[in-house]
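[1] Model the structure of this input:
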Amino acid sequence: MTAVVRPQSPLVTVAPVLELRSITMEFGAQRVLQDVTIQVRRGETLVLIGESGCGKSVTTKLLAGLLEPTRGEVLWDGRPVRNRSARELHRDRLRFGYLFQGAALFDSMNVFENVAFGLRENTDLKPDQIRDVVHERLREVGLAAAVGEKRPSDLSGGMKKRVGLARALAMSPDVVFYDEPTTGLDPVMSDVINELILQTQASRKVTSVVVTHDMHTVRRVADRVVMLYPLSRVAPQQPQLIFEGTPEEAFEFSDPRVTSFVRGEAGARLKEMYAA
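    Okay, here's the model as predicted:
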């Protein structure tokens, strides 16, 4: 695999492809997000960071229309999702590819069937055309066509992630969501996944939203970083979104909640724990 060098992001004043406006999200009595506004610009790689439980994965599911907010507005290309008919929602969701945490492959299907699933459900492609697309997507993520006969249980963690990415790319999406793409992987395989994110961005010109705790991934792939803070630890009247900027700016930001997270420094948290 040839390493991809991330160019300077050509961010300009273009309408966001995805947007959350003043979103509050509750699950029963538990509030996860409160008054969160995020824009995802077309063609960029936006990375969401923050402690476990701060609502990062929920945020991506809201952006993708997999969840409905308790309050607030989700917009795709400037138009509220709630204004779409069921038919329009189905059509527009096909623009999105989603690499779930842990890959979330169908255990009852082999690799080929997993990657082909969306094509069979949503297109009129003939079997030989589907075969060609599946083999091409596997090749894109560095897997041979013969891997298609294997079951998910036969795969390593890194291979599962790559198959999950091949499935996410099968429908040639405009937007790709990556939920913790390097979690559980060794450093070498983590960097392979980072390179695949970059290669996908370069070759397909997609918009990418990445959720991660891995600061190497942040430095490697991010154009822009957004950090959320756990709502249970946000002071009254303070925003839950505590940082937005470049990876470089995150490491130099004045808020110690941001710098301690990105640098992996536990001092402040230890003081909180023992003071409680």
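
[2] what ranges do the strands span in this structure?
    Listed in chain order, the strands found in the chain under DSSP state E are 16-27, 30-41, 45-49, 71-76, 79-80, 96-99, 175-179, 207-211, 224-228, 241-245.

[3] Out of these, which is closest to residue 149?
    strand 96-99 (22.0 Å; CB to CB). All C-beta spots, glycine's among them, are computed from the backbone N, C-alpha and C.

[4] Kindly point out the strands partnered with that closest one and how each is oriented relative to it.
    strand 175-179 (parallel) (DSSP bridges).

[5] what ranges do the helices span in the stretch 101-250 of the chain?
    Along the stretch 101-250 of the chain, counting by DSSP state H, counting those that start in this stretch, helices occupy 111-122, 127-140, 157-169, 187-204, 215-221, 247-251.

[6] Can you add mean neighbour count, distance to residue 21 and mean pLDDT and give those back as a markdown table?
    What follows is those, written out as a markdown table (neighbours: other CB atoms under 10 Å; distance: least, CB to CB, whole Å; pLDDT from 0 to 100):
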| stretch | mean neighbour count | distance to residue 21 | mean pLDDT |
| --- | --- | --- | --- |
| helix 111-122 | 19 | 29 | 94 |
| helix 127-140 | 16 | 34 | 96 |
| helix 157-169 | 24 | 26 | 93 |
| helix 187-204 | 18 | 26 | 91 |
| helix 215-221 | 20 | 25 | 93 |
| helix 247-251 | 16 | 24 | 93 |
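
[7] would JSON lines of the ones you listed with distance to residue 64 be doable?
    Output for these, formatted as JSON lines (distance: least, CB to CB, whole Å):
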{"stretch": "helix 111-122", "distance to residue 64": "14"}
{"stretch": "helix 127-140", "distance to residue 64": "20"}
{"stretch": "helix 157-169", "distance to residue 64": "11"}
{"stretch": "helix 187-204", "distance to residue 64": "17"}
{"stretch": "helix 215-221", "distance to residue 64": "19"}
{"stretch": "helix 247-251", "distance to residue 64": "23"}
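
[8] Residue 22: which of those is closest?
    It is, among the helices of the stretch 101-250 of the chain and with distance given as CB to CB, helix 247-251, at 23.9 Å.

[9] and the closest one, what other elements does it pack with?
    With contacts taken as 3 or more CB pairs under 8 Å, 6 or more residues apart in numbering; DSSP states H and E, helix 247-251 sits against helix 215-221, strand 224-228, helix 256-263.

[10] Pull the residues that contact that helix.
    47, 49, 218, 219, 222, 225, 227, 243, 258, 259, 262, 263 (CB atoms under 8 Å, 6 or more residues apart in numbering).

[11] residues touching the first one, list them.
    If you count contacts by CB under 8 Å, 6+ apart, residue 47 has them with 209, 210, 211, 212, 217, 218, 221, 222, 224, 225, 226, 247.

[12] just these now: which is nearest residue 85?
    Distance ranking of the contacts of residue 47 against residue 85, using CB to CB, places residue 209 first at 24.8 Å.

[13] Show the low-confidence segments of this structure, by residue range.
    Along the chain, segments meeting pLDDT under 70 span 1-14, 266-276.

[14] Domains in it, by residue range?
    16-95+174-275, 103-172 (automatic domain parsing).

[15] coming back round to it: please convert the helices and strands packed on helix 247-251 to TSV, extending it with distance to residue 239.
    Below are these laid out as TSV (distance: least, CB to CB, whole Å):
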stretch	distance to residue 239
helix 215-221	21
strand 224-228	10
helix 256-263	12
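
[16] So which of those is nearest residue 76?
    strand 224-228 (18.1 Å).

[17] CA atoms of that closest one as CSV?
    C-alpha atoms of strand 224-228 as CSV (Å, rounded to 0.1, in the frame of the first residue of the first chain):
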residue,chain,number,x,y,z
ARG,A,224,-11.1,19.6,11.5
VAL,A,225,-11.6,18.3,15.0
VAL,A,226,-14.7,18.7,17.2
MET,A,227,-14.5,17.7,20.9
LEU,A,228,-17.6,16.9,23.0
